[in-house]
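1. this is the structure alone, sequence omitted:
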């Protein structure tokens, strides 16, 4: 999954994330580039004014207020990139999973002999790497 949280997010990461979300929100509101750039400069100025705050309680409070403000001013129909989740072309091109190739007929595989030879070698290398890392499966643990 793409959005699995990995570890703890630092305060700086949360501020950067808020800034990016706020910029994207401005993009949804202002479709004229020069107007958007003006609003973006004003937004950056607001962030820069609070960049040097050393008191973490005050910084955390400002972050919370910023997130609340963004929530209250979010665009009703935010812009989305066409291939992003929610975009008009999301998953339009389906990439079949690799295991599909295992079900090809031998005559189909025979048309690409070098590829399938290399593929079988890579599968063996992967199994060896897996067993080296995690050990061989115990045949007694086989569940039906």
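-> Thanks, I have the structure now. The structure presented is a predicted model; accordingly, all values stated were derived computationally and were not measured.
2. mind checking the SS state of residue 124?
-> Under DSSP: H, G, I helix; E, B strand; the rest coil, residue 124 falls in the helix class.
3. and it, what pLDDT?
-> Looking at residue 124, its pLDDT reads 96.
4. ok, residue 137 next?
-> 82.
5. what about it, distance to residue 38?
-> 62 Å (C-beta to C-beta, to the nearest Å). Quick note: C-beta positions are derived from backbone N, CA and C, even for glycine.
6. of those two, who's got more company?
-> The neighbour comparison of residue 137 against residue 38 (other C-beta atoms under 10 Å) goes to residue 38, with 13 against 10.
7. ok, and what's touching the strand or helix carrying the more buried one?
-> Element membership for residue 38 (DSSP states H and E) is helix 33-49. Residues from elsewhere that reach helix 33-49, judged by C-beta atoms under 8 Å, 6 or more residues apart in numbering: 15, 19, 22-23, 26-27, 29-30.
8. go again using 6 Å as the cut-off
-> 19, 22, 26, 30 (C-beta atoms under 6 Å, 6 or more residues apart in numbering).
9. show me where pLDDT drops low in the chain?
-> Within the chain, the stretches with pLDDT under 70 are 1-5, 142-144.
10. how does it divide into domains?
-> Domain assignment for the chain by automatic domain parsing gives 11-72, 98-141.
11. please name whichever of those domains is nearest to residue 79.
-> domain 11-72 (4.6 Å; C-beta to C-beta).
12. picking that back up, could you dump the contacts of helix 33-49 to TSV with neighbour count, distance to residue 112 and secondary structure?
-> Below are the contacts of helix 33-49 laid out as TSV (neighbours: other C-beta atoms under 10 Å; distance: C-beta to C-beta, whole Å; DSSP: H, G, I helix; E, B strand; the rest coil):
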residue	neighbour count	distance to residue 112	secondary structure
19	16	48	helix
22	22	50	helix
26	19	50	helix
30	15	51	coil
